[in-house]
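> sequence below, structure please.
(one chain, ligands or ions: 1)
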Amino acid sequence: MRFSSNVKPYVLLLIVGIFLLLGYVYFSFFSERLNRDILIDEDQKRTKLLYKQPSVLVGRTDVVSVTPWLAPIVWEGTYDPVLIDNIYKPMKLTIATTVFAVGKYVRFLQDFLETAEKHFMVGFNVHYYVFTDRPDDVPSVNLNQGRHLRVIQVPGSNRWQEISARRMEIIQTTIERQIRREADYIFCLDVDSKFHARWGSESLGRLVAVIHPGYYEQTHDRFPYERRPASTAYIPMDEGDYYYGGAMFGGYVADVYTLTKVCWNRFEEDTRNYIQAAWQEESHLNRYLLDNKPSKVLSPEYLWQDLKAKTKEVKVIRFSGVIKNYAEVRPNV
Ligand code: UD2
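From the prediction side, this is the model:
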C-alpha cells in the first residue's frame, strides 16, 4: 500500500505512534498473564482461576517452610501471591496496623508510611494507628483508597525501654477501646523500618510472628532470651524454637489482645520484683510464643536490617530496619 504524497509526515508519525502504543498495551497485558501463569477465564456461569498446578515433589529445598507443629514458614517461592490474594480479597478484610513514633522516632514515619502504601497489604483496607507524643509532627502522606490513618496521643518518656515495652499496654487498651470493632487482623510494627517489596495476604493468620534476622542460623542456647529465672520471661538454655523479632507480631485481633495483655501483665510483675527482661517486651513475646505457638511464622524476608548483608536463602527483602544513630534518636542510651 502506498500513501499519497499529500499525507503530512506528522500524520504518519502519529499513526505509527498509535500502533506502537497499542502493541505495547497488548504485549504487556498478555506477558503479565503468562508470567503469572494465571488466567481468569470467564464463562457464562462462573469465573475460574487457572493457575500452575501445585507440586507434591518440587519446591524450595534450601529452607524449611514448615515448623514441627505444622505452621507454615513463609518464604518467597512457597506460595502463589495472586492465588492467595484471590482467596483473601473477597473477604473484604480490614487490617489494623499499629506503629509507635514517640519522641524523635516521629522522623521515621514518612518513609514507613510511604513505603507501606506501595507494598503493605495492597488492595486491602488498612487502618493505621499512629501513637505519638508529637501529633503536630505526623507527616501528611497520600493514602490509597480504603486506607485510613488515626493519630493517638501517648505520653513521652525519658527511657526508650519504657516506650518500647509500654507498646504492649497501649495496644491492649486500644484494642479494647476501638480496634476490636474496626478490624479483623492486626499487625504491630516498628517505625524505624521501610517496606521494599510485597507484604501481602500470605502473612495473615491467627497468631503471626517473624524470625529475627540476627539469629536464624544459631542454636537456641545462643538466643538472647531472658535467662534469669527471677523474670517471668525466663527461658532455660535447652528450650526454645526460634528467636522472634519484637518489631512485628500480628494475627486475629482477639489473639493479639491476649498476647499483649499477658506480656504486659508479666512485664509489670517483673517491675514489682525489680527486674526488667533483657530485651523488654521482645523477651516476653518470645516466652509467650514458646507456650502459645504461632499459627504462621514469617521468614526473615519480613524483618531484615539494612546493616546486614543479604544472604542466599533470602531471595526478597520485604521489610527492613533502617540504620539509626541510637545515641541521637533515643531519649537515653
Ligand atoms: C529491638 C526490636 C524492637 C523492640 C526492642 C526492645 C527488632 C528488629 N527490633 O529493636 O521491636 O523489641 O528491641 O528492646 O526486633 N520507639 C519510639 N521512640 C523511642 C524508642 C522506641 O517510638 O524513643 C518505638 C519505635 O516504634 C521503635 C520501637 O519502639 O521502632 C522499638 O524501639 P527500637 O527500634 O529503638 O528498638 P531496637 O532497635 O533495639
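
> for the residue in the chain positioned nearest to the ligand, helix, strand, or coil?
Nearest residue of the chain to the ligand (Cβ to the nearest ligand atom) works out as Gly246 at 2.3 Å. All C-beta spots, glycine's among them, are computed from the backbone N, C-alpha and C. For Gly246, the assignment made with DSSP: H, G, I helix; E, B strand; the rest coil gives strand.

> skip the chain neighbours and tell me the closest residue to it.
Glu282 (3.1 Å; Cβ to Cβ, 6 or more residues apart in numbering).

> residues from the stretch 51-200 of the chain in reach of the ligand?
Phe100, Ala101, Val102, Gly103, Tyr105, Trp160, Ile163, Ser164, Asp190, Val191, Asp192 (Cβ under 6 Å from any ligand atom).

> check these and tell me the two furthest apart.
Distance extremes for those: the farthest pair is Gly103 and Asp190 at 14.3 Å, using Cβ to Cβ.

> let's see which of the residues of the stretch 51-200 of the chain next to the ligand end up in strands.
Within those, residues falling in strands by DSSP state E are Phe100.

> out of the residues of the stretch 51-200 of the chain next to the ligand, which one sits closest to Val151?
Closest to Val151, out of all of those and judged by Cβ to Cβ, is Ala101, at 9.5 Å.

> wait, the closest one sits on Val191?
Yes. At 4.9 Å, Ala101 counts as touching Val191 under the criterion of Cβ atoms under 8 Å.

> how about low-confidence regions in the stretch 151-300 of the chain?
Judged against pLDDT under 70, the stretch 151-300 of the chain has no low-scoring part.

> ranges for the helices of it?
Assigned by DSSP state H, counting those that start in this stretch, the stretch 151-300 of the chain shows helices spanning 160-174, 180-182, 253-272, 280-291.

> which of those sits most buried?
Of all those, helix 280-291 has the most neighbours on average by mean count of other Cβ atoms under 10 Å, namely a mean of 22.

> report all helices and strands that that one contacts.
helix 160-174, strand 207-211, strand 244-252, helix 253-272 (3 or more Cβ pairs under 8 Å, 6 or more residues apart in numbering; DSSP states H and E).

> which of these sits closest to Ser320?
Closest approach to Ser320 among the helices and strands packed on helix 280-291 (Cβ to Cβ): strand 244-252, 9.9 Å.

> give me the angle between the closest one and helix 253-272.
Going by axes from the mean of the first three to the mean of the last three Cα atoms, to 10 degrees, strand 244-252 is angled at 140 degrees with respect to helix 253-272.

> what lies in contact with strand 244-252?
Contact with strand 244-252 is made by 164, 184-190, 193, 203, 205-213, 256, 259, 279-282, 285-286, 289, 294-295, 298, 302-303, 319, 321, as judged by Cβ atoms under 8 Å, 6 or more residues apart in numbering.

> circling back: tell me the contacts of the residue nearest to Gly246?
Glu282 neighbours (Cβ under 8 Å, 6+ apart): Tyr244, Gly245, Gly246.

> could those go into CSV alongside neighbour count?
Output for these, formatted as CSV (neighbours: other Cβ atoms under 10 Å):
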residue, neighbour count
Tyr244, 25
Gly245, 26
Gly246, 24
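
> with distance to Ala230 added, can I get the helices of the stretch 151-300 of the chain in JSON lines?
Formatted as JSON lines, the helices of the stretch 151-300 of the chain follow (distance: least, Cβ to Cβ, whole Å):
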{"stretch": "helix 160-174", "distance to Ala230": "17"}
{"stretch": "helix 180-182", "distance to Ala230": "34"}
{"stretch": "helix 253-272", "distance to Ala230": "8"}
{"stretch": "helix 280-291", "distance to Ala230": "13"}
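
> and the ones you listed: which comes nearest Ile15?
Judging the helices of the stretch 151-300 of the chain by Cβ to Cβ, what sits closest to Ile15 is helix 180-182, at 53.8 Å.

> residues in contact with the closest one?
Thr94, Ala96, His127, Val253, Ala254, Tyr257.

> list the contacts for the closest residue to Leu259 other than its chain neighbours?
Using Cβ to Cβ, 6+ apart and skipping the chain neighbours, the partner closest in space to Leu259 is Tyr288 (5.7 Å). When contacts are counted by Cβ under 8 Å, 6+ apart, Tyr288 touches Leu259, Val262, Cys263.

> what does the stretch 201-333 of the chain put close to the ligand?
Neighbours of the ligand within the stretch 201-333 of the chain, by Cβ under 6 Å from any ligand atom: His212, Gly245, Gly246, Ala247, Trp279, Gln280, Glu281, Glu282, Leu303, Gly321, Arg330, Pro331.
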